[in-house]
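# My questions are about this predicted structure, shown below with the sequence.
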Amino acid sequence: MSLISKTALVTGAGQGIGRSTAQRLARAGANLIIQDIDADALSETMLHLKAFNVDVLTLTGDLTEADVPEQVVQDCVKAFGGLDIIINNAGYIWNGALHNHSETQWQAMLDIHATVPFRILKAFSEWLRPTAKAEIQSNGFACCRKVVNVSSVSGTQGSATQVGYAAGKAAVIGLTKTLAKEWGRYNVTVNAVAFGHIETRLTQGYSDSIPEIKVGDQQFRVGLSNQQRNALAQTVPLGRAGTVDEAAGAIYLLTLPESDYITGEILTCSGGA
Ligand SMILES: NC(=O)c1ccc[n+]([C@@H]2O[C@H](COP(=O)([O-])OP(=O)(O)OC[C@H]3O[C@@H](n4cnc5c(N)ncnc54)[C@H](O)[C@@H]3O)[C@@H](O)[C@H]2O)c1
């Protein structure tokens, strides 16, 4: 119960890595704000959280709408009186080689993977700065708070057909390293996890027709052909894709008190790839 009395926001908590992370943090005792664009998926996550004796607030909305990130942060602070942990996880893929990449596609990938975390953290700073300053004045130090941004090996190494996605996931690394420098004075650790191949709907295998997912009103082609999955597995020393629980474990490590002196780091969670 290392996160007891902490309050954590997890974006994109409706399924996949986000849902598993919410479960992991709840098991450690954290109260949660779970956010997603998909209300049905979020309700299902809520059912999974029933087993844990923690408070949970659900927030539905499209984080790429300009005022939603600020509203989310305000709702968290209003409901719980503060915010200790932020997991910027919401995301999706919209793949295509550069010559097929539209401006809309490029912008969409930057919006969800870079602008949304920027807006959430900017809104958080409005509450953080006066709060941390007051804590320093009365106790001599500010409580340690944690930000974990979700990146990808596409952002650290590049990935064919993912120019927009890779740029967004690289941008969030710049955001992470910069805020680690700016927010050290407030005792906030800011780190990122760069995932390799994790089993979710984004990486589901297919043999014939390419699967599609719905994000808001839009459909996106996702998945990896069985051939691509086999080729990928061969580049992974552990020989397989990661599970969502293993992905959540990597995020969890960076929320623990044991990581209080780790900031500005990019933890790769890729089975060694
Ligand atoms: N699965 C992988 O192999 C992998 C690898 C590297 C990085 N990632 C990253 O991990 C994160 C989670 O991905 P996942 O694989 O669990 O996918 P997922 O599709 O299972 O979950 C992502 C969640 O984000 C939500 N979301 C998307 N756009 C949103 C928006 N505008 N507003 C609010 N919610 C929104 C979706 O509804 C969904 O519930 C993403 O940032 C993804 O880019 C995944």
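Now that the structure is in, tell me what you want to look at. Numbers count the residues shown, from 1 in each chain.
# Next, count neighbours for L47.
Close neighbours of L47, defined as other C-beta atoms under 10 Å, add up to 8. C-beta: built from backbone N, CA, C; applies to glycine.
# Sort out which residues of stretch 105-116 are buried, please.
Using 16 or more other C-beta atoms under 10 Å as the burial criterion, the residues of stretch 105-116 that qualify are 105-106, 108-109, 111-116.
# now stretch 38-57
38, 41-42, 45-46, 49, 52, 54, 56-57.
# can you check stretch 195-205 too?
195-200, 202-203.
# Mind checking if it is in reach of the ligand?
Yes. Contact of stretch 195-205 with the ligand (C-beta under 6 Å from any ligand atom) involves 195, 197-198, 200-203.
# Now distance to Y165 and pLDDT too, for those residues, in JSON lines please.
Formatted as JSON lines, those follow (distance: C-beta to C-beta, whole Å; pLDDT from 0 to 100):
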{"residue": "F195", "distance to Y165": "12", "pLDDT": "98"}
{"residue": "H197", "distance to Y165": "14", "pLDDT": "97"}
{"residue": "I198", "distance to Y165": "14", "pLDDT": "98"}
{"residue": "T200", "distance to Y165": "14", "pLDDT": "98"}
{"residue": "R201", "distance to Y165": "15", "pLDDT": "97"}
{"residue": "L202", "distance to Y165": "10", "pLDDT": "97"}
{"residue": "T203", "distance to Y165": "13", "pLDDT": "96"}
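# now for those, which pair is the farthest apart?
F195 and R201 (14.2 Å; C-beta to C-beta).
# wait, does stretch 115-122 make contact with the ligand?
No. Stretch 115-122 is not in contact with the ligand by C-beta under 6 Å from any ligand atom; minimum separation 6.9 Å.
# Going forward, count from 668.
New numbering, starting at 668: the last item is stretch 782-789.
# could you give me the average pLDDT of that stretch?
Averaging pLDDT along stretch 782-789 yields 99.
# and it, how far from the chain's centre?
12 Å (C-alpha atoms, centre = their mean, to the nearest Å).
# dump the residue contacts of T870.
Residues counted as contacts of T870 (C-beta atoms under 8 Å, 6 or more residues apart in numbering) are 864, 889-891, 896, 908.
# how about these, which pair is most distant?
V889 and A908 (14.2 Å).
# what packs against the host helix or strand of Q894?
Element membership of Q894, judged by DSSP states H and E, is helix 893-901. Judged by 3 or more C-beta pairs under 8 Å, 6 or more residues apart in numbering; DSSP states H and E, helix 893-901 is in contact with strand 872-873.
# which strands and helices sit next to the strand it packs on?
strand 891-892, helix 893-901.
# now these in JSON lines, with mean neighbour count, mean pLDDT and distance to C936?
Below are the helices and strands packed on strand 872-873 laid out as JSON lines (neighbours: other C-beta atoms under 10 Å; pLDDT from 0 to 100; distance: least, C-beta to C-beta, whole Å):
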{"stretch": "strand 891-892", "mean neighbour count": "16", "mean pLDDT": "92", "distance to C936": "18"}
{"stretch": "helix 893-901", "mean neighbour count": "13", "mean pLDDT": "92", "distance to C936": "15"}
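# Kindly reformat those as JSON lines containing distance to G807.
Formatted as JSON lines, the helices and strands packed on strand 872-873 follow (distance: least, C-beta to C-beta, whole Å):
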{"stretch": "strand 891-892", "distance to G807": "52"}
{"stretch": "helix 893-901", "distance to G807": "50"}
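# And the ligand, is the helix or strand harbouring I840 touching that?
Assigned by DSSP H and E, I840 belongs to helix 830-850. No. Shown here: helix 830-850 not in contact with the ligand (C-beta under 6 Å from any ligand atom), separated by at least 6.8 Å.
# can you pull the contacts of G863?
G863 touches 819-820, 903, 908-909, 935-938, 940, counting by C-beta under 8 Å, 6+ apart.
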